[in-house]
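Peer 1: fold the following and give me the result.
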Amino acid sequence: MTATTQSTEKSVGVRPVESAHHEGDPALNLYQDPCAVEDLEVRNLSDHEWRVGDGRCHEGSPAKVLGYIEKCGSAFEVLNLKKPRQVFVFDRFEAAVASLAVVSPN
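Peer 2: Purely as a prediction, here's the structure:
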């Protein structure tokens, strides 16, 4: 179980925001759909920490950041900002990232 930590930024199918609002407008993210895996954007903060964001949001928007991942030994701890009092632990980096996306029911 190893994670790739060499790149400084990793995007998974980021798509542009389609909105009548101007970039950086705080109202931009109020009515967006929940973030799907293909919209996630991962940025290295250090050699063992990452920020996961919604790639559809403007960089300055408070809605951009979905959570943080920290490598602790062989595990990856996730702080999901929508569930700030809980820490989730995964054995794979990809699973930790995907946990911050909304999974649509089938």
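
Peer 1: per-residue confidence at residue 70?
Peer 2: Residue 70 is assigned a predicted lDDT (pLDDT) of 98.

Peer 1: now residue 56
Peer 2: For residue 56, pLDDT reads 90.

Peer 1: what residues sit buried inside stretch 79-97?
Peer 2: Within stretch 79-97, the residues that count as buried by 16 or more other Cβ atoms under 10 Å are 79, 80, 88, 90, 93, 96, 97. For every residue, glycine as well, the C-beta is placed using N, CA and C.

Peer 1: just the CA atoms of it, as PDB, please.
Peer 2: Provided in PDB are the C-alpha atoms of stretch 79-97 (Å, rounded to 0.1, in the frame of the first residue of the first chain):
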ATOM      1  CA  LEU A  79     -10.800  15.200   7.900                       C
ATOM      2  CA  ASN A  80     -14.000  15.900   6.000                       C
ATOM      3  CA  LEU A  81     -15.100  19.500   6.700                       C
ATOM      4  CA  LYS A  82     -18.700  18.500   6.500                       C
ATOM      5  CA  LYS A  83     -18.100  16.100   9.400                       C
ATOM      6  CA  PRO A  84     -15.400  18.000  11.400                       C
ATOM      7  CA  ARG A  85     -15.700  16.000  14.600                       C
ATOM      8  CA  GLN A  86     -14.900  12.700  12.900                       C
ATOM      9  CA  VAL A  87     -11.700  11.400  11.500                       C
ATOM     10  CA  PHE A  88     -11.900   8.600   8.900                       C
ATOM     11  CA  VAL A  89      -9.000   6.200   8.300                       C
ATOM     12  CA  PHE A  90      -8.200   4.400   5.000                       C
ATOM     13  CA  ASP A  91      -5.400   2.100   4.000                       C
ATOM     14  CA  ARG A  92      -5.300   3.500   0.400                       C
ATOM     15  CA  PHE A  93      -4.800   7.100  -0.700                       C
ATOM     16  CA  GLU A  94      -7.300   6.700  -3.500                       C
ATOM     17  CA  ALA A  95     -10.000   5.500  -1.100                       C
ATOM     18  CA  ALA A  96      -9.200   8.500   1.200                       C
ATOM     19  CA  VAL A  97      -9.700  10.900  -1.700                       C
END
